[in-house]
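Peer 1: Just need the structure, nothing else, for what follows:
(chains A, B and C)
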Amino acid sequence: MLNQYIPVLMHLLVVVGFATMTLLMSVWFGRRSTSKQDIKDTAYECGMIPIGENQPRFSVKFYIVAMLFVLFDIEVVFLYPWAVVFRDFLSADQILIFWSILGFVGILFVAYLYALKKRALNWVG
Amino acid sequence: MPAYILELIVVGLGLILLLLESFLPRLGAKGLAAIGSVGLLVVLFLLPSVTGAPSESTGIIWKFYSADSLALFYKGLALITTILVLMMSVVYVPVMQRYLGTGGGVGEYLILPVFTCAGLMWMASANDLTSIFVSLEVVTIGFYIMVAYMRRNVGSLEAGVKYLILGAVSTGFLVYGIAFLFGVTGQTNLDVISTVLGLLEGQDKIILFSFALLLVAFGFKVAAVPFQMWVPDVYQGAPTPTAAFLSVGSKAAGFIVLSRIVDAFLGDHGVQTGDGSYQDQIQRVLLVVAGATILFGSLAAIPQTNFKRLMAYSSISHAGFILLALACAYPVRMDMASGEVVAFYLAAYLPMTMAAFFVLCIVRSSRGEEEISVLDGLGKRSPFLAFVLLVSVMGLAGIPLTVGFLGKLYVFQAALDQGHFVLLAIATLGAAAGFYYYFKVVRSMYWNAPSDQDAIAVGTGSRVLLALLAAAIIFLGLNQGIILGFLR
Amino acid sequence: MIIRRSALVILMCLEIMLSAANLALVAFSRFRLEAGLPDYDGQMLVFFVITVAAAEVAVGLAIVVALFRSRRTIDVTTLTSMSH
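Peer 2: Numbering: from 1, shown residues only, chains lettered A, B, ... in the order given. The predicted structure follows:
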């Protein structure tokens, strides 16, 4: 009766242990957010006063293009299995194997037209 | 015509609308909504003529998709809800444009419901873990965007982030639950899983574990305690049509999938109460969740002053009643399975909730806020709106002669048949609390002095729709056979 | 995830959750051999989870960007404008 608990118990132990370790490690090794230490931030004797953004801002355009890339890129995941089973399915159900992928690519094509028309791919402006 | 053509038509309609919106921008919100709802109406009329799976089970699609009468019923609910949401959105567009800023169109807000509707319809038919997951995510991702659509409005964004984070957590639970269910049975089709589960011996703990994970995921979708914390904030922050869509569409689809999963776990052999099997424990968990949901929803609704928050808590408490029906797996007296009681309750819930949110949309677009006090004196200013809201609130409270009463009656009878007397007491308490907090709305409309005397303008289309909804609430309440007829 | 305050990091943690579930699925399907081959149903499900996670994160990032533009912060503990 109790034997069937053991896999679940081990699973729980590993999960809890892993989560605790991850949290503890981020506390031990993580960079502390130092409290405001004005004197430490000022330039010593000479040099530029460090004021301004610490990171250059990226245009939001990069983000949109990257997002579209990820979305279109990940869809290839379905094309590979399709290509693998294509030959076997051709004898079983020709109509399904053809139209299913055509519909899929068609939806992507409409999405592409939409992105194009909404100027999501324009770099200038 | 096989049933899955309907979803294809709806997706195709959405794609056409998307292209129209980007290439013919002068079509405007009204044009898009008109084309969308006409298309969905056509699909609604095609609905009775579709056929289910052929007897010799050819075609791989039927492994993932079922088209029984319950599925078709929920498809109808999804279509009607979406049409109403599109109409509501047209009324809400002026409010929306205020929060969109330059370069943001309102067009996509009218197209997303169509795609979401396809997801809802597919959820109604999903009988495989794969199709359940994908259709659920189609719906959820659509809702992420719709909730956060007013991107210059702090409330909408905040609601969007909350819904996003909690929704993604529930997705994680769902996938993990699916993984364990797959691990223990080695199958993804729910019918096969049900058979395999019946044959397994001595795996109770792991089966319960996977059910618990799935219950977390769907408890989030249907707003069951203790996974209800997102509901008030999201309803309050989201655009009003989206709140209505969440309240009816998302909940209905969540319940059909949950009831299919519960059916798969409980199996056909009935439940022997008290034998300590995992079926028995699942039923007990459902009862506890149902009781907690009714109690929390009803009691937390009492002090609310914001109308949308009030509707949110009332939607939680309704979810509790539906869960109670789901937990009473086999009512004795009426020959209705629990799935049918659930479907009846949801069908009754649709016109009442839609009417309330529709009135709120109209009031919001002319007054600009959503506190209950904005309804002060509505009975004098706009008797028609006040009357529709009165009918809908009466239905939600479950006053006799409305369809809401019948829904509650069936749930009470089912609980009585199963001898769940504690739950019956809790449900009575919840219904009584419901009378109180819905009465606040009525009092505000008919007793409180109006803050100003102007009547609120209502378009002819909205007037007709509202009249239809109010008529449906009363008419369906007098003829219980109609919904049952559609159900079979 | 529960101790993080940045919406971005929370999204990353959610991706990790989904990956964990994917790993479980693949493992279960590997250990259920049918005629010497793994049961591919589970692996097929993994494909869908991966794509859906990508779509989810695209929408999620868009919402976080919109939040940052209007609030200048993505700290989720500041999201308390609604009454309780």
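Peer 1: Would you indicate which residues of the helix or strand C:Ile10 falls within are buried?
Peer 2: Under the criterion of DSSP states H and E, C:Ile10 resides in helix C:7-30. Neighbour counts over helix C:7-30 (16 or more other Cβ atoms under 10 Å in any protein chain shown) mark C:7, C:10-11, C:13-15, C:17-22, C:24-26, C:28-29 as buried. C-beta here means a position set from N, CA and C on the backbone, and glycine is covered the same way.
Peer 1: Average pLDDT for it, rounded please.
Peer 2: Computed over helix C:7-30, the mean pLDDT rounds to 89.
Peer 1: Does it reach chain A?
Peer 2: No. Judged by Cβ under 8 Å from any Cβ of the partner chain, helix C:7-30 stays clear of chain A, getting no closer than 9.0 Å.
Peer 1: who touches the very next helix or strand once past that helix?
Peer 2: Note on helix C:7-30: by DSSP H and E, the next helix or strand toward the C-terminus is strand C:33-34. Outside strand C:33-34, the residues within contact range by Cβ atoms under 8 Å, 6 or more residues apart in numbering or on different chains are C:Asp39.
Peer 1: Return the set of buried residues in the strand or helix carrying B:Met96.
Peer 2: Taking DSSP H and E as the criterion, B:Met96 maps to helix B:69-98. If you call a residue buried by 16+ other Cβ under 10 Å, then helix B:69-98 has these buried ones: B:70-93, B:95-96.
Peer 1: Give the other helices and strands that the helix holding C:Ile10 contacts.
Peer 2: Under the contact criterion of 3 or more Cβ pairs under 8 Å, 6 or more residues apart in numbering or on different chains; DSSP states H and E, helix C:7-30 touches helix B:154-185, helix C:40-71.
Peer 1: what number of residues lie near B:Gln228?
Peer 2: Using other Cβ atoms under 10 Å in any protein chain shown, B:Gln228 is surrounded by 24 other residues.
Peer 1: On the three-state scheme, it is what?
Peer 2: Assigned with DSSP: H, G, I helix; E, B strand; the rest coil, B:Gln228 falls in the coil class.
Peer 1: Dump the C-alpha coordinates for stretch B:406-426 into CSV.
Peer 2: Output of stretch B:406-426 as CSV, limited to C-alpha atoms (Å, rounded to 0.1, in the frame of the first residue of the first chain):
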residue,chain,number,x,y,z
LEU,B,406,-35.0,27.0,-12.9
GLY,B,407,-31.2,26.7,-13.1
LYS,B,408,-30.9,27.0,-9.3
LEU,B,409,-33.9,24.7,-8.8
TYR,B,410,-32.2,21.9,-10.8
VAL,B,411,-29.0,22.3,-8.8
PHE,B,412,-30.8,22.1,-5.5
GLN,B,413,-32.8,19.0,-6.6
ALA,B,414,-29.6,17.3,-7.7
ALA,B,415,-27.9,18.1,-4.3
LEU,B,416,-31.0,16.8,-2.5
ASP,B,417,-31.1,13.6,-4.5
GLN,B,418,-27.5,12.9,-3.5
GLY,B,419,-28.2,13.8,0.1
HIS,B,420,-25.6,16.6,0.3
PHE,B,421,-27.5,18.4,3.0
VAL,B,422,-24.6,20.6,4.2
LEU,B,423,-24.0,21.8,0.7
LEU,B,424,-27.7,22.4,0.4
ALA,B,425,-27.6,24.7,3.4
ILE,B,426,-24.6,26.5,2.1
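Peer 1: so B:Met88 touches B:Phe357, yeah?
Peer 2: Yes. Counting by Cβ atoms under 8 Å, B:Met88 touches B:Phe357, with 6.7 Å between them.
Peer 1: any common contacting residues for the two?
Peer 2: Contacts common to B:Met88 and B:Phe357, judged by Cβ under 8 Å, 6+ apart, are B:Thr240, B:Pro241, B:Ala244.
Peer 1: what about the last one, which SS state?
Peer 2: When you say that, I think you mean B:Ala244. With three-state DSSP as the basis, B:Ala244 sits in helix.
Peer 1: Contacts only, for it.
Peer 2: B:Leu84, B:Val85, B:Met88, B:Thr353, B:Met354, B:Phe357, B:Phe358.
Peer 1: Give the buried residues for stretch B:3-14.
Peer 2: Under 16+ other Cβ under 10 Å, the buried positions of stretch B:3-14 are B:Ala3, B:Tyr4, B:Leu6, B:Glu7, B:Ile9, B:Val10, B:Val11, B:Gly12, B:Leu13, B:Gly14.
Peer 1: Neighbours of B:Thr293, how many?
Peer 2: Applying other Cβ under 10 Å, we find 29 residues neighbouring B:Thr293.
Peer 1: Check which helix or strand it maps to.
Peer 2: helix B:278-301.
Peer 1: helices or strands next to that helix in the packing?
Peer 2: helix B:204-222, helix B:251-266, helix B:307-327, helix B:421-446.
Peer 1: now the angle from that helix to helix B:204-222?
Peer 2: Here helix B:278-301 runs at an angle of 30 degrees relative to helix B:204-222 (axes from the mean of the first three to the mean of the last three Cα atoms, to 10 degrees).
Peer 1: how close does the closest residue to A:Pro81 other than its chain neighbours sit to A:Leu96?
Peer 2: Spatial nearest neighbour of A:Pro81, excluding adjacent residues (Cβ to Cβ, 6 or more residues apart in numbering or on different chains): C:Phe47 at 6.8 Å. Computed as Cβ to Cβ, to the nearest Å, the C:Phe47 to A:Leu96 distance reads 18 Å.
Peer 1: who has more neighbours, these two?
Peer 2: C:Phe47 (16 against 13).
Peer 1: Look up the pLDDT of that one for me, please.
Peer 2: Looking at C:Phe47, its pLDDT reads 90.
Peer 1: list the contacts for it?
Peer 2: Contacts of C:Phe47 (Cβ under 8 Å, 6+ apart): A:Val77, A:Phe78, A:Pro81.
Peer 1: Can you tell me which of those residues are buried?
Peer 2: Looks like these have A:Phe78 buried, using 16+ other Cβ under 10 Å.
Peer 1: for the contacts of C:Phe47, which one is nearest chain B?
Peer 2: A:Phe78 (11.5 Å; Cβ to the nearest Cβ).
Peer 1: which residues sit in contact with the closest one?
Peer 2: For A:Phe78, the contact set (Cβ under 8 Å, 6+ apart) comprises A:Phe104, C:Phe47, C:Thr51.
Peer 1: Identify the residue spatially nearest to the first one, adjacent ones excluded.
Peer 2: Here the nearest residue to A:Phe104 in space, its sequence neighbours aside, is A:Phe78; by Cβ to Cβ, 6+ apart that works out to 6.6 Å.
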